[in-house]
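Visitor: coords below, sequence missing:
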């Protein structure tokens, strides 16, 4: 295979191009199971209960995550049970919730006051939402019901059921965070304990900083004891698998390459390339983001005999974090997957907001995060004349810059951002480094693979062209927070010397090459690019990898355990540390280029996070 075949993937678009053809990108990737079974339907759930009653089931606890339609679940399961002459007593956890006022009083210190976007991570569990006396009463009732005569069944239903502890069988209904956000935008769900829907900003902030951490702590505690894991997305026909099979499948997943389910969202600056390439809804105004690997909000899909079940990535990290991350990385990151991939599409769109990410101590002290949002932009596709904004101009005066931004807010006047912020031309396979404190944004005409540490909402927008969000509201600007974190020494000359990657060939074989793109003390991860014509083999060496096929049609991925899967152009994949060895085979007609990102050896052991940048 000759290098001339690379021309097929010359990703510089014509300026006039407006139609983008559908690629092989799979929006719903599955991890196929061979023996761990997935079943579906309320009739089968009812039959399981009937079977378990014969073995002494008297108290069944059904817990779950934000977004589950408990009314629909109860109605359907009750109907299926009645058809086989089982008439349980239902005790719903909603009646144990504390008042909205008391819940808010406990949550309020973590909601950031008047800040529209940011709060601080809540450090405790789901007890926050409940009246302790009512929980104690339900717990007593559970103890009494466990002593009932054979055949009598009581079902405790709803978020927090696992707090009661005294179950004969425990079910858990999971629900994807992105789907819950859709329901919240439509006013169909509220935060736990609330009666009336709140504006989406309020819903999301409380979910991110309070509800999700609290419910995840309960989820982690319950995982080893879950008897049935249920996917609650389809309230009319849920899929489920036994807890034993689920935990076995998580173990398999921890030693195999896999993809998460990505999700996509429009935005005021969004473009059109992803919409065409990924076959997304053409009625949407654009696609601004593809959440490729933002694991606090991504799910993974298991499939058995064409039946699918989705669960949150959190479950995998709760059970198998050491096998996924590797021993050393797990010491530092524990249950957090630390590498984030997403796409920013500004092709036929506009510039992103001008922004900056917090310094390490700032994000820890102000938001309770354990590490900061260092990132970089890998340009995958671009139009001619596309640019990336990075650092400040050589003659930028910080006081003048701040005054211009503040007057823009007060007077609603646009700023000549090029006067203050440096920009560099961008083309496919360029990599721009964006350590915390660096002013930056993607200009129009780019498809950016954003590679970052996992914290993902801590962007301080300092200028946004007076744009409104899709709901018609002016987007929040954080000039004060931004200027608390900007590193003003990062001007054009320094940027060109330090923040534009210069690929270095470090290894090669008969028809493959390995380039080092990023290995600087700015962050805890390292970036390589692998180029191969036929195949490439690698060993994980107790390291986890996030990878993306940035050029080429498709590659076959073969793991040491014999599992074979496919990776298509623009797709992202996780290679857990326990995979040990993996081979990539080029299935197309042109050169494959693949980005590999992994945690540096020694991080969290001999090397602390974010050094030397804690100033």
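Guide: Yep, that arrived. Please read all numbers here as calculations on a predicted model, not as lab measurements.

Visitor: where in the stretch 451-600 of the chain is pLDDT low?
Guide: For the stretch 451-600 of the chain, applying pLDDT under 70 flags the ranges 470.

Visitor: Report the secondary structure state of residue 400.
Guide: helix (DSSP: H, G, I helix; E, B strand; the rest coil).

Visitor: In stretch 368-386, which residues are buried?
Guide: Under the neighbour-count criterion of 16 or more other C-beta atoms under 10 Å, stretch 368-386 has 369-383, 386 buried. Glycine gets a C-beta too; all of them are placed from N, C-alpha and C.

Visitor: and the end-to-end length of stretch 122-137?
Guide: 26 Å (C-alpha to C-alpha, to the nearest Å).

Visitor: do stretch 124-138 as well
Guide: End-to-end distance for stretch 124-138, by C-alpha to C-alpha: 21 Å.

Visitor: In it, which residues are buried?
Guide: Taking 16+ other C-beta under 10 Å as the criterion, stretch 124-138 shows 125, 126, 128, 129, 130, 135, 138 as buried.

Visitor: Same check on stretch 177-194?
Guide: Using 16+ other C-beta under 10 Å as the test for burial, stretch 177-194 gives 177-181, 183-185, 189-194.

Visitor: Name the residues that touch it?
Guide: Residues outside stretch 177-194 that contact it (C-beta atoms under 8 Å, 6 or more residues apart in numbering) are 65-67, 97-100, 103, 129, 159, 196-198, 200, 203-204, 206-207, 211-212, 215, 233, 263, 291, 296-297, 312.

Visitor: 7 Å instead?
Guide: 66-67, 97-98, 100, 103, 129, 159, 196-198, 200, 203-204, 206-207, 211, 233, 263, 297 (C-beta atoms under 7 Å, 6 or more residues apart in numbering).

Visitor: quick one: residue 179 from residue 69, how far?
Guide: Distance, residue 179 to residue 69, by C-beta to C-beta, to the nearest Å: 11 Å.

Visitor: Please apply the same query to residue 237.
Guide: 13 Å.

Visitor: Who has more neighbours out of the two?
Guide: A direct count of neighbours by other C-beta atoms under 10 Å for residue 237 and residue 69 places residue 69 higher, at 19 against 11.

Visitor: what's near enough to touch that one?
Guide: So, once contact is read as C-beta under 7 Å, 6+ apart, residue 69 ends up touching residue 235.

Visitor: re the thing from before, ok, so of the buried residues of stretch 177-194, who is nearest residue 432?
Guide: Distance to residue 432 across the buried residues of stretch 177-194 (C-beta to C-beta) is lowest for residue 178, with 27.7 Å.

Visitor: Which element, helix or strand, includes the closest one?
Guide: helix 177-185 (DSSP states H and E).

Visitor: Tell me which helix or strand comes right after that helix.
Guide: Using DSSP H and E, the first helix or strand after helix 177-185 is helix 200-206.

Visitor: how about the strands in the stretch 1-150 of the chain?
Guide: According to DSSP state E, counting those that start in this stretch, the stretch 1-150 of the chain carries its strands in the segments 31-32, 39-40, 59-64, 89-92.

Visitor: So for residue 525, which of the ones you listed sits nearest?
Guide: Nearest of the strands of the stretch 1-150 of the chain (C-beta to C-beta): strand 31-32, 24.4 Å.

Visitor: how close does the nearest residue to residue 150 once chain neighbours are set aside get to residue 149?
Guide: Nearest residue to residue 150, sequence neighbours excluded (C-beta to C-beta, 6 or more residues apart in numbering): residue 56, at 7.1 Å. Residue 56 sits 11 Å away from residue 149, going by C-beta to C-beta.

Visitor: With residue 271 instead?
Guide: Applying C-beta to C-beta, one obtains 65 Å for the distance of residue 271 from residue 149.

Visitor: For residue 519, give me its contacts.
Guide: By C-beta under 7 Å, 6+ apart, the neighbours of residue 519 are residue 526.

Visitor: switch to 8 Å and redo it
Guide: 526, 527, 600.

Visitor: and the strands of the stretch 1-150 of the chain, which is most packed in?
Guide: Most buried of the strands of the stretch 1-150 of the chain, by mean neighbour count (mean count of other C-beta atoms under 10 Å): strand 59-64, with a mean of 26.

Visitor: In its sheet, which strands sit next to that strand, and in what direction?
Guide: strand 154-157 (parallel), strand 169-174 (parallel) (DSSP bridges).

Visitor: List of residues touching the shortest one?
Guide: Yep, that's strand 154-157 we're talking about. 58-62, 70, 73-74, 88-93, 138, 141-142, 145, 148, 164, 167.

Visitor: Buried residues of it, list them for me.
Guide: 154, 155, 156, 157.

Visitor: ok, and the closest non-adjacent residue to the first one?
Guide: Computed as C-beta to C-beta, 6+ apart, the closest residue to residue 154 that is not its neighbour in sequence is residue 145, at 4.2 Å.

Visitor: sorry, back to before: residue 279: which of the buried residues of strand 154-157 is nearest?
Guide: Among the buried residues of strand 154-157, and counting by C-beta to C-beta, the member closest to residue 279 is residue 157, at 38.1 Å.

Visitor: gap between the closest one and residue 232?
Guide: 12 Å.

Visitor: list the residues that contact both of those two?
Guide: Common neighbours of residue 157 and residue 232 (C-beta under 8 Å, 6+ apart) are residue 73.

Visitor: if we can go back for a sec, can you go through the contacts of stretch 177-194 and name the buried ones?
Guide: With burial judged by 16+ other C-beta under 10 Å, the buried subset of the contacts of stretch 177-194 is 66-67, 97-98, 103, 129, 159, 197, 200, 203-204, 206-207, 211, 233, 263, 297.
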